[in-house]
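[1] I would like the atomic coordinates for the input below:
(one chain, ligands or ions: 2)
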Amino acid sequence: MSVDFQASLFGSLDTDPATDTQVGVGPLAGRVQRTTLGHGAWIDVLPGWFAGADAVFADLVAAVPWRAERRQMYDAVVDVPRLVHTYGIAEALPHPALVEARDALSAHYAPELGEPFVTAGCCYYRDGRDSVAWHGDDLGRGRTQDTMVAIVSFGSPRKLQLRPVGGSVAVSHALGHGDLVVMGGSCQRTWEHAVPKTARPVGPRISVQFRPRNVF
Ligand SMILES: O=C(O)CCC(=O)C(=O)O
Ligand SMILES: [Fe+2]
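    Ligands and ions are numbered 1, 2, ... in the order given. You can find the predicted model right below:
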């Protein structure tokens with residue numbers, strides 16, 4: 001990709017002070033690719049949406065107050081092998097480019113979603129042993145209502161898999177290096193998603209999930 005194309009694609013880019021790398025998001029309109037999954041669910045995908053994602057990855061490793069996760073899953077509280085931290089409504093995000101990403105997503109999806117993305121869940125998969133099991137984000141309104149969960153990925157790619165509830169894997173995207181995926185419609189209650197473990201050596205990945213109010 002030429003420098004000129006990069007510049008025009010991303011418009012105004014901020015500079016990451018730690019690495020002197022240009023960071024920021026590109027446009028969404030006309031670039032996200034929608035796939036209809038069935039049962040009222042869909043996903044939008046835009047590879048490489050976020051410029052300078054690997055520099056931001058390093059900042060997030062240092063800036064986010066990571067903690068080990070325990071989560072209600074499959075009717076039991078289990079250790080989930082990854083580190084997490086959630087930024088709630090009105091909490092300051094750890095990087096200005098995340099604010100830009102959240103606001104761009106809110107603006108782009110407003111006509112369809114009818115409300116902004118307000119929280120940012122951060123997950124840190126340190127290596128191939130870290131993972132998240134099959135689940136829907138259905139602890140809040142996602143259990144009964146259509147909604148959206150927008151995920152931006154930093155660092156090395158890991159597979160995000162999707163399947164109809166109880167079915168077999170139907171969709172798999174390797175997400176990293178600034179890729180965007182948005183799960184929409186009934187996706188959180190009619191489909192499940194997972195980041196499986198991998199025996200293959202993989203570098204670390206951070207996922208930031210933007211969600212509307214009351215979606216977990
Ligand atoms: O790592 C990801 O991108 C998915 C994370 C996820 O599904 C969750 O935390 O609910
Ligand atoms: Fe999830």
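
[2] Other residues contacting the helix or strand hosting residue 37?
    Per DSSP states H and E, residue 37 falls inside strand 33-38. With contact meaning C-beta atoms under 8 Å, 6 or more residues apart in numbering, strand 33-38 is reached by 42, 43, 44, 45, 46, 162, 164, 170, 171, 185, 187, 191. C-beta: built from backbone N, CA, C; applies to glycine.

[3] Check stretch 129-141 too.
    Looking at what lies outside stretch 129-141 - C-beta under 8 Å, 6+ apart - the contacts are 72-74, 80-83, 123-125, 142-143, 147, 149, 163, 165, 183, 187-189, 191-197, 209, 211-212, 214-216.

[4] Out of those residues, which sit inside helices?
    Among these, the members falling in helices (DSSP state H) are 187, 188, 189.

[5] Pull the number of nearby residues for the last one.
    Residue 189 has 21 neighbours, counted by other C-beta atoms under 10 Å.

[6] Just to check, it is in contact with residue 142?
    Yes - using C-beta atoms under 8 Å, residue 189 makes contact with residue 142 at a distance of 6.1 Å.

[7] show me what contacts residue 193?
    Residue 193 sits next to 134, 135, 136, 160, 161, 162, 163, 183, 187 when contact means C-beta under 8 Å, 6+ apart.

[8] what about the residue nearest in space to the middle of the chain, helix or strand, and which?
    Central residue of the chain (C-alpha atoms, centre = their mean): residue 151, 1.6 Å from the mean position. Counting by DSSP H and E, the element that carries residue 151 is strand 149-155.

[9] Relative to that strand, what are the paired strands and their orientations?
    Strand 149-155 has the following strand partners under DSSP bridges: strand 180-185 (antiparallel), strand 205-211 (antiparallel).

[10] Next, the buried residues of it.
    Judged by neighbour count (16 or more other C-beta atoms under 10 Å), strand 149-155 contains these buried residues: 149, 150, 151, 152, 153, 154, 155.

[11] how close does the third one get to residue 22?
    Look at residue 151 and residue 22: by C-beta to C-beta, to the nearest Å, they are 22 Å apart.

[12] Could you do the fifth one as well?
    In this structure, residue 153 and residue 22 are 18 Å apart, going by C-beta to C-beta.

[13] can you give me how far the lengthiest helix in the chain is from the chain middle?
    Scanning the chain for the longest helix, with DSSP H as the assignment, gives helix 96-113. Centre-to-centre, helix 96-113 and its host chain are 13 Å apart (C-alpha atoms, centre = their mean, to the nearest Å).

[14] residue contacts, residue 158?
    Shown in contact with residue 158 (C-beta under 8 Å, 6+ apart): 125, 174, 175, 176, 195, 198, 202, 205.

[15] that older thread, would you agree the residue nearest to the centre of the chain is in contact with residue 176?
    No - checked against C-beta under 8 Å, the pair residue 151 and residue 176 is beyond contact range at 11.2 Å.

[16] Tell me the pLDDT of the residue in the chain positioned nearest to ligand 1.
    Residue nearest to ligand 1 within the chain: residue 207 (3.3 Å; C-beta to the nearest ligand atom). Per-residue pLDDT puts residue 207 at 98.

[17] Report how many residues lie close to it.
    23.

[18] Would you mind listing what in this protein touches ligand 1?
    By C-beta under 6 Å from any ligand atom, the residues of the chain that approach ligand 1 are 121, 123, 132, 137, 151, 160, 193, 195, 207, 209.

[19] same thing but at 8 Å, please
    The chain has residues 82, 84, 121, 123, 125, 132, 135, 137, 149, 151, 153, 158, 160, 175, 181, 193-195, 205, 207, 209 near ligand 1, with proximity defined as C-beta under 8 Å from any ligand atom.
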